[in-house]
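Engineer: 3D model of this:
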Amino acid sequence: MPMLTEEFLSPIWLSVQVAVVSGLLATVFGTMIGYWMARTSFKGKMIVETLLMMPLVLPPTVVGFLLLVIFGRHSLIGDVIEWIFHQPVIFTWWAAVIASTVVAFPLMYQSAKAGFSTIESDIEGAAKVDGAHSFQVFAYITVPLALPSLLSGSILSFARALGEFGATLMFAGNIPGKTQTLPTAIYVAIDSGRMELAWAWTICIVILSFIMLLAVRRSST
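Structural biologist: Below is the predicted model of the structure:
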């Protein structure tokens, strides 16, 4: 049975690791930027919002190519990272995390912004008048009121990161035990005619995705 082998378990474990870290990063940055965009107004805001949502509509291979350009060797950011860590970021576990975070971020950002936008600013203002600091207002009033939207966005980000394929393949590659996630493993298994293994992995990712979507529905009720 394929499920008894390390070859079968490795992509599952790696995918869960990448999805958890990517989901957490998307949640943190999506919450912060979503709150900022919901509470501020400035010239060019529509352009900024459009740029933040671009990874949601761009083909994943295009996102992966852009990440290669930004973080690859001979780029400014790539050279700085290689100088600090003594290795390039491309084709590493962190490359898979970055790719998954980028494609998952818009879902978290959109949910967070929608949740914060529904909160009346008068509620936060009243708390500040009573002596609460900005962080206290955010942590004890704003976040709890927006929590259903934040939970939904976080779960959707995890699910999106779990199913990421194109950007990960372009930016992180398909290295077994290192960057081979479930979607890339399924692709390779089908390409090599190992349909039993592909079916086993497919069933796993369908079950995980179903659980995530069910959790989203429960968090929004």
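Engineer: the bottom helix or strand of the protein by mean pLDDT?
Structural biologist: helix 121-129 (a mean of 76; mean pLDDT, DSSP states H and E).
Engineer: Quick one: list the elements packing against that one.
Structural biologist: helix 134-137 (3 or more C-beta pairs under 8 Å, 6 or more residues apart in numbering; DSSP states H and E). All C-beta atoms are positioned from the backbone trio N, CA, C, and that covers glycine.
Engineer: how about the helices in the chain?
Structural biologist: 6-39, 45-57, 60-71, 76-85, 93-117, 121-129, 134-137, 143-162, 166-171, 182-191, 195-219 (DSSP state H).
Engineer: Kindly reformat these as JSON lines containing mean neighbour count.
Structural biologist: Shown next, in JSON lines, are the helices of the chain (neighbours: other C-beta atoms under 10 Å):
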{"stretch": "helix 6-39", "mean neighbour count": "19"}
{"stretch": "helix 45-57", "mean neighbour count": "13"}
{"stretch": "helix 60-71", "mean neighbour count": "18"}
{"stretch": "helix 76-85", "mean neighbour count": "13"}
{"stretch": "helix 93-117", "mean neighbour count": "24"}
{"stretch": "helix 121-129", "mean neighbour count": "12"}
{"stretch": "helix 134-137", "mean neighbour count": "12"}
{"stretch": "helix 143-162", "mean neighbour count": "22"}
{"stretch": "helix 166-171", "mean neighbour count": "24"}
{"stretch": "helix 182-191", "mean neighbour count": "19"}
{"stretch": "helix 195-219", "mean neighbour count": "15"}
